[in-house]
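Visitor: Please work out how this folds:
(one chain, ligands or ions: 2)
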Amino acid sequence: MSYIKIECVLRENCRCGESPVWEEASNSLLFVDIPAKKVCRWDSLSKRVQQVTVEAPVSSVALRQGGGYVATIGTKFCALNWEDRSAVALATVDKDKKNNRFNDGKVDPAGRYFAGTMAEETAPAVLERHQGSLYSLFPDHHVEKYFDQVDISNGLDWSLDHKIFYYIDSLSYSVDAFDYDLQTGKISNRRSVYKLEKEEQIPDGMCIDTEGKLWVACYNGGRVIRLDPETGKRLQTVKLPVVKTTSCCFGGKDYSEMYVTCARDGTDPEGLLQQPEAGGIFKITGLGVKGIPPYPYAG
Ligand SMILES: O=C(O)[C@H](O)[C@@H](O)[C@H](O)[C@H](O)CO
Ligand SMILES: [Zn+2]
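Guide: Numbering: from 1, shown residues only. Ligands and ions are numbered 1, 2, ... in the order given. Now for the predicted structure:
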């Protein structure tokens with residue numbers, strides 16, 4: 001019997017915390033605060049946070065095989081050097097869409113950096129629709145585009161056998177699956193594996209566990225849900241003391257802890273009184289399942 005424990009491990013007041021990624025080598029959690037243009041690294045041992053401020057909204061960060069990180073900044077895939085705090089563009093997308101920015105991103109098992117775009121929001125989930133696309137940055141730095149007409153490109157991950165790509169376009173209120181060809185990075189045969197219920201609100205970030213089940217952070221739903229993509233059933237709901245939960249990843253010892261990011265922006269003064277930890281980093285223990293290490297970008 002395990003007991004679920006939820007604690008705010010870092011009161012960071014993120015305007016929009018996102019993209020939690022566990023870095024085993026440094027016992028740290030990486031994450032971003034999108035509108036604050038910050039990439040943060042929280043050392044779970046010393047409890048200290050380091051941050052690098054970049055020049056545009058930063059929506060995701062990932063490990064890089066040769067050391068350092070990659071990040072999606074504005075509409076650019078960038079290499080991020082933590083030591084000298086520099087970001088160097090590797091590729092730019094959506095050059096004809098001046099109001100767009102990248103959103104959620106993650107590296108596939110072959111080391112390609114997948115990330116999608118969206119129009120900049122005027123308020124949470126309020127934006128010009130169908131402006132986004134899904135892309136990936138290959139190890140040789142060329143970019144491939146998968147599809148357009150995306151509203152809010154969000155959570156993504158791959159099945160344990162690497163044959164399925166899971167993807168969320170938030171305003172479709174659906175978790176979708178594609179067949180995945182790891183050799184070529186091509187996707188096909190889109191279908192929905194789960195439709196969110198009304199009280200679950202907006203699907204946002206997502207990660208997979210070692211049993212092949214999906215964990216989805218529900219923006220405005222104050223929860224993460226565990227889904228079985230094979231049966232289309234929800235297996236578990238874990239509620240958090242904040243409403244704008246944005247993303248989740250596994251980390252810590254043997255990837256047995258879950259880390260959840262959330263947003264503070266869009267919360268009214270009364271909401272902030274009820275949720276003083278809004279924008280913080282949460283750790284969930286006692287789930288009884290583990291995650292897998294993040295894949296590093298191979299370029
Ligand atoms: O965290 C993200 O992925 C977006 O950038 C956010 O802005 C919210 O998710 C969005 O407002 C709700 O859909
Ligand atoms: Zn997101």
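Visitor: what residues are up against Ala298?
Guide: By CB atoms under 8 Å, 6 or more residues apart in numbering, the contact set of Ala298 is 65, 107, 110-112, 139. Bear in mind the C-beta positions are built from the backbone N, C-alpha and C, glycine included.
Visitor: Need the buried ones from those selected in ChimeraX.
Guide: To isolate the buried ones among the contacts of Ala298 in ChimeraX, judged by 16 or more other CB atoms under 10 Å, type:
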select :107,110,111,112
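Visitor: which one of the contacts of Ala298 is nearest Trp42?
Guide: In terms of CB to CB, no member of those lies closer to Trp42 than Val107, at 20.1 Å.
Visitor: coming back round to it: which one of the contacts of Ala298 is nearest to Ser59?
Guide: Distances from Ser59 to the contacts of Ala298, taken by CB to CB, are shortest for Val107, at 14.3 Å.
Visitor: who touches the helix or strand hosting Leu90?
Guide: With elements taken from DSSP states H and E, the one containing Leu90 is strand 86-92. Contact partners of strand 86-92, identified using CB under 8 Å, 6+ apart, comprise 52, 54-55, 70-71, 73, 75-81, 137, 141-143, 299.
Visitor: tell me, how many neighbours does whichever residue of the stretch 101-250 of the chain sits closest to ligand 1 end up with?
Guide: As assessed by CB to the nearest ligand atom, ligand 1 sits closest to Pro124 within the stretch 101-250 of the chain, at 3.7 Å. Applying other CB atoms under 10 Å, we find 16 residues neighbouring Pro124.
Visitor: residues in contact with the spatially closest residue to it that is not a sequence neighbour?
Guide: Closest residue to Pro124 apart from its sequence neighbours, by CB to CB, 6 or more residues apart in numbering: Gly266 at 4.1 Å. Shown in contact with Gly266 (CB under 8 Å, 6+ apart): 123-124, 244.
Visitor: in the strand holding Leu90, what counts as buried?
Guide: Residues of strand 86-92 classed as buried by neighbour count (16+ other CB under 10 Å): 87, 90.
Visitor: Do I have it right that Glu200 meets Leu227?
Guide: No - contact criterion CB atoms under 8 Å: Glu200 and Leu227 do not qualify, at 10.4 Å.
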